[in-house]
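Trainee: Prediction below, plus the sequence it came from.
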There are 2 protein chains.
Amino acid sequence: MKDGRRSDIREAGLTLFAERGYHATSMDDIGRFIGVKGPSLYNHLKSKQEILADIMVTTMQELLAQFDKANSTGGPTGRLREGMAEHVRYHATHPRDVRIGNREIPSLEEPAHDLVLSLRNEYEGKWRALIQEGLDNGDFSIPSVRIAVYAILEMGIGVAQWYRPDGSLSLDQIAELYAEMASRLLSARVSKSAPPRGLPQ
Amino acid sequence: MKDGRRSDIREAGLTLFAERGYHATSMDDIGRFIGVKGPSLYNHLKSKQEILADIMVTTMQELLAQFDKANSTGGPTGRLREGMAEHVRYHATHPRDVRIGNREIPSLEEPAHDLVLSLRNEYEGKWRALIQEGLDNGDFSIPSVRIAVYAILEMGIGVAQWYRPDGSLSLDQIAELYAEMASRLLSARVSKSAPPRGLPQ
DNA sequence: CCTACCGATCGGTAGG
DNA sequence: CCTACCGATCGGTAGG
């Protein structure tokens, strides 16, 4: 059942699509990356498009699953901090997936295109619900839930563009810093259940 | 001197590169957009790459010029608010340019590729200087200037993806909202020179 | 501004 | 897994 070649091809697609883009990567390029000729890839898949769809759908499903874990218990302030930390951790540790996910939407064909868009909407919806809840119970203060969600998600996505594992801040420190920035952005009240942990400086 | 066709071609490139991507747009597509055949374009330019380079270099130069105007006078808090409002206004009103600028960097050839990267560095450097100044004089409080700059710029860039002129908030209201979010993110002290203007709700 | 055409490259198939 | 090859499409040129 486990097809090792399938995951080799996926890995090659992740690297090459992220570096050059989908349309600038040929099947020969992908084959060369794993040491075979282009046409040999068709023993493991039906089309180039299949590689892209697999990457983009799986990425959104993983992101949703991670968020659900972080968003399961506690009040809005604590869940905001945990959710943001997880959002940042995911983007920092999956830079190729995220880069492709934000860049190749026009390159996706149906039905994967619609599926990915609906998964993105689902993810945004979970965030809207969380922030709306905090607004309703007085934990947060912000003029527009929708715009706050855009701002918070977008600033976390950016981490994928600059994070390096050998940087001066650890991933946990960076995740905590973004959790703090998201809290400030919403003027979140300090909660007892999730006190801010120590930040550098 | 004014070659009307040149700006027609640029406009076509803006629309098509933003929608489909550079490599997924052919010279015939661009020609069709302005009502000529693909080969006729070569009377006005030397290569497809020239269209992309023109778009990306001009965009970064405009963004830098806009920032310099907004960042010219006052203390860090006021300049932060004005700079952020202008950053957001530019991204909201140039969605195609910005989308191309953030997506087609790998499609750019030298020397334009290096030029655009250095213009981006210059833009980030101006923001770092502004925030460092506010940190030094006690207007701002944030553990990492570099990460705060990434977060602030990135959340403003995101506006290009969702802003519509016929939305419920005006562009000035949106710009002001982002200026407020950036201020909160930096825990900016309220300054006398640039009091927060009225926000919706 | 056009038609005709070039060499190169593409995704994918045939056949072994 | 390979070689050989297909039809289509690409950016760009020639020549008018």
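Mentor: Received, thanks.

Trainee: Does the residue lying closest to residue A:73 once chain neighbours are set aside lie in a helix or a strand, and which?
Mentor: What sits nearest to residue A:73 in space, not counting adjacent residues and going by CB to CB, 6 or more residues apart in numbering or on different chains, is residue A:79, at 7.6 Å. The way it works is simple: take the backbone N, C-alpha and C, and place the C-beta from them, glycine included. Residue A:79 is part of helix A:76-93, with elements assigned from DSSP states H and E.

Trainee: Quick check: residue A:19 touching residue B:106?
Mentor: Yes. Distance between residue A:19 and residue B:106: 6.5 Å, which falls inside the contact criterion (CB atoms under 8 Å).

Trainee: any idea of the angle the longest helix along chain A forms with helix A:76-93?
Mentor: If each helix of chain A is counted by residues according to DSSP state H, the longest one is helix A:112-136. What separates the directions of helix A:112-136 and helix A:76-93 is an angle of 150 degrees, with axes from the mean of the first three to the mean of the last three CA atoms, to 10 degrees.

Trainee: which other helices and strands contact helix A:112-136?
Mentor: With contacts defined as 3 or more CB pairs under 8 Å, 6 or more residues apart in numbering or on different chains; DSSP states H and E, the secondary structure elements packing on helix A:112-136 are helix A:48-70, helix A:76-93, helix A:145-157.

Trainee: I would like the residues contacting the shortest one, please.
Mentor: This means helix A:145-157. When contacts are taken as CB atoms under 8 Å, 6 or more residues apart in numbering or on different chains, the neighbours of helix A:145-157 outside the stretch itself are A:84, A:87-88, A:91, A:98, A:102, A:123-124, A:127-128, A:131-132, A:135, A:142, A:178, A:181-182, A:185-186, B:150-152, B:154-155, B:157-159, B:162, B:169, B:174, B:177-178, B:181.

Trainee: Make a PyMOL selection of the buried ones in these.
Mentor: Of the contacts of helix A:145-157, the buried ones can be selected in PyMOL as follows, counting by 16 or more other CB atoms under 10 Å in any protein chain shown:
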select buried, (chain A and resi 84+87+88+91+98+102+123+127+131+132+135+142+178+181+182+185+186) or (chain B and resi 150+151+152+154+155+157+158+159+169+174+177+178+181)
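
Trainee: how long is stretch A:20-40 end to end?
Mentor: Between the opening and closing residues of stretch A:20-40 there is a gap of 22 Å (CA to CA, to the nearest Å).

Trainee: er, stretch A:86-105 I mean
Mentor: 23 Å.

Trainee: And it, what's buried?
Mentor: A:86-92, A:94-104.

Trainee: Kindly report the same for stretch A:51-70.
Mentor: A:51-57, A:59-60, A:63, A:67, A:70.

Trainee: out of these, who's nearest DNA strand C?
Mentor: Nearest to DNA strand C out of the buried residues of stretch A:51-70 is residue A:51 (CB to the nearest atom of the strand; 8.7 Å).

Trainee: The closest one reaches residue A:30, doesn't it?
Mentor: Yes. With contacts defined as CB under 8 Å, residue A:51 counts as touching residue A:30 at a distance of 7.4 Å.

Trainee: I appreciate the help and will end here.
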